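Visitor: this is a predicted model, with the sequence first.
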Amino acid sequence: MSLDWIYIAISWILLRWHDLWDAIGVSDGRVLGTNWAWILSIVFLVVTLRVILFPVFVKQIKSQRAMQALQPKVKLLQEKHKGDRETLQKEMMELYKVEKANPLMGCLPMFLQIPVFLGLFHVLRRLNPDNLNPTLYGWTEEQFREATHAALFTTPLPAQFGSSASDLAQLNANGTTVKIIAGILVLIMMATTYLTSRQMILKTGWAEDPQQKMIQRLMLYGIPASLLISGALFPIGVVIYWVTNNLFSLAQQQWVLRKFPPPPMANGKSTSSSARPAGSSGAKSGGKTPQNPVQSGRTGGLFGRKPAALPEPKSPVVDTKALAPKPGAKPVNPKKGARPANKPQG
């Protein structure tokens, strides 16, 4: 199946943004070794795609809410079919079908962006002076020539951390500068990818479903770790796209989670209080997990947890009127027959 339609669509959006920045006076000349018109074109390519995918993001949040509401039922099924994994999976799939919940919806926005990522990767890889077909995918020769020499801090956008000496010579790039800029961008890409997944897990909690928990762990740890190797193969322009996309995701998720906070779990626990990974130690007194951040004395946040003030214990209120004897009632000695404490000795 040909992917030319993806390459044409990505090129069209990228070039239209470049035309806009050029029209409003953002020059292609280098400032601080950077061609800002092309950098801004990549940034706003992200903005365009995220606006288009916003309805899918809303469906992702709704699906996650539905999965959270099903956690008590999932836990009951796990207890009922403990040791029978095949039956457990069958029962959970039936539960998702009846409740119209899709466990894969949480990954849908990421899957939809894969073609965009591959399209941009292919388009930027074509940017080299020896390309014999510069007008492919709707480019003009002038646009192709300008993009080929576009750079971020003197590092050409088509360059990679792992570019060979011959590739760097074609791009007229300095190998040391390319490795420094690319290395910093790859580390930022890994960190923002990790923070994007961690932000969502801190707010929604770890899933009870083993499959969902496995997906959460893969997104939290596996994908950022894989970028340490694969990031060396990404052109600088693709890494800029990825970092911008992560920053946009962080801001978008923060807004949605503040506006539509996760509902409390059926057992009365807040989803944010269950965000600790399985195996983490509980409170010091008895090792029990507190039911909310106020009881635990800690509050959640994107970069960790910080101490919070505990409420002061209140003394019990004693009703003295209820303890007083009624008028006319005979005095009652609770220790009838007991020897008086102050009886004089004979």
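Guide: Thanks, I have it. Residues are numbered from 1 along each chain as shown.

Visitor: ranges for the helices of the stretch 1-150 of the chain?
Guide: 4-23, 36-52, 54-69, 71-80, 85-99, 108-125, 141-148 (DSSP state H, counting those that start in this stretch).

Visitor: heading C-terminal from the shortest one, find the next helix or strand.
Guide: This means helix 141-148. Counting by DSSP states H and E, the next helix or strand C-terminal to helix 141-148 is strand 151-152.

Visitor: got a markdown table for the helices of the stretch 1-150 of the chain, with mean neighbour count too?
Guide: All C-beta atoms are positioned from the backbone trio N, CA, C, and that covers glycine. Shown next, in a markdown table, are those (neighbours: other Cβ atoms under 10 Å):
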| stretch | mean neighbour count |
| --- | --- |
| helix 4-23 | 17 |
| helix 36-52 | 18 |
| helix 54-69 | 16 |
| helix 71-80 | 15 |
| helix 85-99 | 14 |
| helix 108-125 | 17 |
| helix 141-148 | 17 |
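
Visitor: verify the stated contact: Gln68 with Trp206.
Guide: No: using Cβ atoms under 8 Å, Gln68 is not in contact with Trp206; the gap is 10.8 Å.

Visitor: where along the stretch 101-250 of the chain do the strands fall?
Guide: Assigned strands in the stretch 101-250 of the chain, in chain order: 151-152, 155-156 (criterion: DSSP state E, counting those that start in this stretch).

Visitor: residue ranges with poor pLDDT in this structure?
Guide: Where the chain drops to pLDDT under 70, the residues are 1, 105-107, 204, 208-209, 260, 262-346.

Visitor: separation between the nearest residue to Tyr221 once chain neighbours are set aside and Leu250?
Guide: Spatially, and ignoring its direct neighbours in sequence, Tyr221 is nearest to Tyr194 (7.8 Å; Cβ to Cβ, 6 or more residues apart in numbering). Distance of Tyr194 to Leu250, computed by Cβ to Cβ, to the nearest Å: 11 Å.

Visitor: now swap in Gln64 and tell me
Guide: Applying Cβ to Cβ, the value for Gln64 to Leu250 is 17 Å.

Visitor: can you report how many residues lie near the residue nearest to Tyr221?
Guide: For Tyr194, the count of nearby residues is 18 (other Cβ atoms under 10 Å).

Visitor: over to the one 3 residues further on?
Guide: Close neighbours of Ser197, defined as other Cβ under 10 Å, add up to 22.

Visitor: hmm, it is touching Leu220, no?
Guide: Yes: using Cβ under 8 Å, Ser197 is in contact with Leu220, at 4.5 Å.

Visitor: so who does the residue nearest to Val26 when sequence neighbours are not counted touch?
Guide: Among residues not flanking Val26 along the chain, Ala37 sits closest, at 4.6 Å (Cβ to Cβ, 6+ apart). Going by Cβ atoms under 8 Å, 6 or more residues apart in numbering, Ala37 touches His18, Trp21, Asp22, Val26, Ser27, Asp28, Ala150.

Visitor: TSV for those residues, including distance to Leu77?
Guide: Listed next are the contacts of Ala37 as TSV, based on distance: Cβ to Cβ, whole Å:
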residue	distance to Leu77
His18	54
Trp21	55
Asp22	59
Val26	57
Ser27	62
Asp28	60
Ala150	55
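
Visitor: from those residues, which is closest to Leu257?
Guide: Distance to Leu257, by Cβ to Cβ, is smallest for Trp21 among the contacts of Ala37, at 32.5 Å.

Visitor: isn't that closest one right up against Ile39?
Guide: No: in this structure Trp21 lies outside contact range of Ile39 using Cβ under 8 Å: 9.4 Å.

Visitor: what about the residue nearest to Asp130 when sequence neighbours are not counted, neighbour count?
Guide: Excluding the flanking residues, the one nearest Asp130 by Cβ to Cβ, 6+ apart is Gln170, at 6.1 Å. Residues lying near Gln170 (other Cβ under 10 Å) number 18.

Visitor: what do you get for Tyr241?
Guide: Neighbour count of Tyr241, defined by other Cβ under 10 Å: 26.

Visitor: now the one 3 residues further on
Guide: Residues contacting Thr244 under the criterion other Cβ under 10 Å number 19.

Visitor: and the one 10 residues further on, by the same measure?
Guide: By other Cβ under 10 Å, 13 other residues sit near Gln254.
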